[in-house]
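1. Just a sequence and a predicted model for now, questions to come.
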Amino acid sequence: MISPSKQTIQPLSLLAHTRGFTLVEMIIVLVIAVMAMGIVGANFSAGLSGTRFKAAVNDVASALRYTRGQAISSGKEVVFTLDVDKRSYTISSRKKVYKLPPKLDLTVNTAETEINGEGKGSIRFFSDGSSTGGRVELKSDGRKRYVDINWLTGQILVQVADDEN
């Protein structure tokens, strides 16, 4: 024998309240999500600026190390020249001009004989690994790094500035 179902049928008005989210609730959730993405996006873009700055510092330091290595391996003087106005550098053993980011402030401190009056300064590396020595200062958005070149050993050292904001 078949027994009758004991389920009760609820009125349509009670089901309407339990079906999903209202339009107002959906809009509130979307507004919160957009605000959260805006905060994350702002922090992410600031991180890229810092990443580009670190990459530029590492680029200059590695170019100086490369220049020193070329001088030692070739047995000849090799010159690293930094153009602070054009934000670029060259290495005398290569013909290429290497560009640095446009928002980068550069200063080069080197021997007086290595300063060109046109906004260029050079660091000369000798075949024994020594150099004319100097310092390249890179600044951007409150960050400052020094790339120091020891005149006696030619060692290149990157340092964070003490007065960095």
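-> Sure thing, it's come through. Residues are numbered from 1 along each chain as shown.

2. which ones are touching Leu100?
-> By CB atoms under 8 Å, 6 or more residues apart in numbering, the contact set of Leu100 is Ala56, Asp59, Val60, Arg87, Ser88, Tyr89, Leu106. Every residue, glycine included, has its C-beta placed from N, CA and C.

3. Who wins on neighbours among those residues?
-> Neighbour tally across those (other CB atoms under 10 Å): the maximum, 27 neighbours, falls on Tyr89.

4. How much space separates the nearest residue to it once chain neighbours are set aside from Arg124?
-> Among residues not flanking Tyr89 along the chain, Leu82 sits closest, at 4.8 Å (CB to CB, 6 or more residues apart in numbering). Counting by CB to CB, to the nearest Å, the separation of Leu82 from Arg124 is 12 Å.

5. and these two? which has more neighbours close in?
-> Neighbour tally, Leu82 and Arg124, criterion other CB under 10 Å: the higher count belongs to Leu82, 26 against 22.

6. give me the element that one is part of.
-> strand 78-83 (DSSP states H and E).

7. do the same with Thr67
-> In the assignment (DSSP H and E), Thr67 maps to helix 23-74.

8. What helices and strands are in contact with that helix?
-> If contacts are counted by 3 or more CB pairs under 8 Å, 6 or more residues apart in numbering; DSSP states H and E, helix 23-74 sits against strand 78-83, strand 88-91, strand 120-125, strand 134-140, strand 143-149, strand 156-160.

9. between those, which gets nearest to Glu114?
-> The closest of the helices and strands packed on helix 23-74 to Glu114 is strand 120-125. By CB to CB, the value is 4.2 Å.

10. how close does the nearest residue to Thr113 once chain neighbours are set aside get to Lys96?
-> Nearest residue to Thr113 in three dimensions, chain neighbours excluded: Thr132, at 7.5 Å (CB to CB, 6+ apart). Applying CB to CB, the value for Thr132 to Lys96 is 22 Å.
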